[in-house]
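Peer 1: Model the following, please.
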Amino acid sequence: MTLTVSLRGTREVKDNYQLFRLTGLLDAFSEPTFRKVMAKCVEEGPKHIILDLSKIDFVDSSGLGALVQLAKKAQTAEGTLQIVTNARVTQTVKLVRLEQFLALQSSVEVAIDNIKKS
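Peer 2: Numbers count the residues shown, from 1 in each chain. As a prediction, the model looks like this:
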């Protein structure tokens, strides 16, 4: 799925979760489309969302805002949002002290295990 020129990704829907693998930039340019697409996917279900951002090159403040909104939307839908991260994304998230709220994970496998345990 091509969200914008600068943000691309794939979506896998499993029994009880959706896995999104994104590449590119999650920034002010791609954020409105990302937000719209993700909101629709949360509504369609399943409610547990895994966002693999390990291949993302850059996240800015509007991208972080979209992630926070997505986490709240998943919680409202009685689901969860887990973010598989890389060093650059982790650093950005920690700068604004959102690492606890955004449930950063080291790998997709860890995130899937967390859903199985819940």
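Peer 1: hey, let's count contacts and neighbours off CA atoms from now on
Peer 2: Fine.
Peer 1: what about the residue nearest to the spatial centre of the chain, distance to residue 19?
Peer 2: Centroid-nearest residue in the chain: residue 51, 3.4 Å away (criterion: C-alpha atoms, centre = their mean). Relative to residue 19, residue 51 is positioned 6 Å away (C-alpha to C-alpha, to the nearest Å).
Peer 1: Could you report the neighbour count for residue 63?
Peer 2: 21 (other C-alpha atoms under 10 Å).
Peer 1: hmm, I was thinking of residue 40
Peer 2: Residue neighbour count, defined by other C-alpha under 10 Å, stands at 10 for residue 40.
Peer 1: Check the secondary structure at it for me.
Peer 2: helix (DSSP: H, G, I helix; E, B strand; the rest coil).
Peer 1: residues in contact with residue 70?
Peer 2: Taking C-alpha atoms under 8 Å, 6 or more residues apart in numbering as the criterion, residue 70 is in contact with 35, 38-39, 81.
Peer 1: Need the buried ones from those residues selected in ChimeraX.
Peer 2: Selecting the buried subset of the contacts of residue 70 in ChimeraX, with 16 or more other C-alpha atoms under 10 Å as the burial test, is done by:
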select :35,38,81
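Peer 1: for the contacts of residue 70, which one is nearest residue 112?
Peer 2: For the contacts of residue 70, the residue nearest residue 112 by C-alpha to C-alpha is residue 81; the value is 11.1 Å.
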